[in-house]
Each structure stands twice: as C-alpha cells, then as structure tokens.
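*Asks:* Sequence first, then the predicted structure, then my questions.
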Amino acid sequence: MRAVRSKDTGPELAVRRLLRSLGYTGYRVHRKELPGNPDIGFIGRRKVLFVHGCFWHGHACPHGSNKPKSNQSYWLPKIERNKARDEANAAKLAQLGWSVLAIWECELRYPRELSKKLDAFMTK
C-alpha cells in the first residue's frame, strides 16, 4: 500500500497534460483550503477537477466493479466510504459556488472524448 500514491498519479498527470494541450493553464493542484483537496483547481474560474481511480472510488466500469479477492471485510466498506466522501466533498464545493468535475481513470483511454468533456466543462 505504500506504493499507492495520492498525489501526482499517472492519471492525474495525464489530465494535466491534456488540459495544457487544450490551452488551459494557470491551475493549482491539491488546494488544501477547499473541501476534498481537489486534484486540479482553476481558482479564478471557480472550477475544480477530481481525478479518480476506478477501483479506489468504486466506479461502475469493469475495472472499478472488480471486488477485491482478499480482506473484503476491510476493502468493501473502505470503497463505500470513499464514494460517500467524494459525494460529500462535491456537495460542499457546489454549496460554496464551485463547479466540480470528476474524471475517471478509465476515461483516459479515450483522449478525444475526454478533451471534449474538459473543454465543455471549462467553457460553461
């Protein structure tokens, strides 16, 4: 578990590269003063992005719906707590007037569609 990173993960770096290629710069990373410490934050635009790993955050994709084979009594409640925490943080941010977008690790397989999604989020 020590090898599992929480910051500057591969998917997070890929999303940041994609944002720069679309011309969106000037973001800040891991803002501690915002609920949930968003992975990427555009402070002036009041927009934040969370880059979620499908397994760790319980996504409905094939990778995220895999159940751990060992120690299920620990991991299944842990993943459920992660999902509840993500929802609570998104609600708090929305209450504070921030727009929130969750990017899933599996979406990185389709960079064209992800680029459209990011562009739509940033321009609305």
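*Replies:* Yep, it's here.

*Asks:* Longest helix in this protein, please.
*Replies:* Secondary structure of the chain read by DSSP state H shows that its longest helix is helix 72-95.

*Asks:* Give me the contacts around the next helix or strand after that one.
*Replies:* For helix 72-95, the succeeding helix or strand toward the C-terminus, using DSSP states H and E, is strand 99-104. Contact with strand 99-104 is made by 11, 15, 38, 45-52, 54, 57, 59, 61, 64, 86, 90, 93-94, 114, 117-118, 121, 124, as judged by CB atoms under 8 Å, 6 or more residues apart in numbering. (Glycine included, C-beta is placed from N, CA and C.)

*Asks:* which of these count as buried?
*Replies:* Members of these that pass the buried threshold by neighbour count (16 or more other CB atoms under 10 Å) are listed as 11, 15, 38, 47-52, 54, 57, 59, 64, 86, 90, 93, 114, 118, 121.

*Asks:* now, which of the residues you listed lie within strands?
*Replies:* Using DSSP state E, 47-52 are the members of these that sit in strands.

*Asks:* Go through those and name the one nearest residue 32.
*Replies:* Among these, residue 48 lies closest to residue 32 (CB to CB), at 12.7 Å.

*Asks:* Run through the bridge partners of that closest one.
*Replies:* Beta-bridge pairing of residue 48, defined through DSSP bridges, involves residue 41, residue 100.

*Asks:* before we move on, the earlier item: what comes up buried for the longest helix of the chain?
*Replies:* 79, 86, 89-90, 93.

*Asks:* Which one among those residues sits at the bottom for pLDDT?
*Replies:* Of all the buried residues of helix 72-95, residue 79 carries the smallest pLDDT score, 93.

*Asks:* Please look at that residue and residue 59 and confirm they touch.
*Replies:* No - applying CB atoms under 8 Å as the test, residue 79 and residue 59 come out as separate, 10.0 Å apart.

*Asks:* which helices and strands does the strand or helix carrying residue 17 pack with?
*Replies:* Residue 17 is located in helix 10-21, with elements delineated by DSSP H and E. Using 3 or more CB pairs under 8 Å, 6 or more residues apart in numbering; DSSP states H and E as the contact criterion, the neighbours of helix 10-21 among helices and strands are strand 40-42, strand 47-52, helix 111-123.
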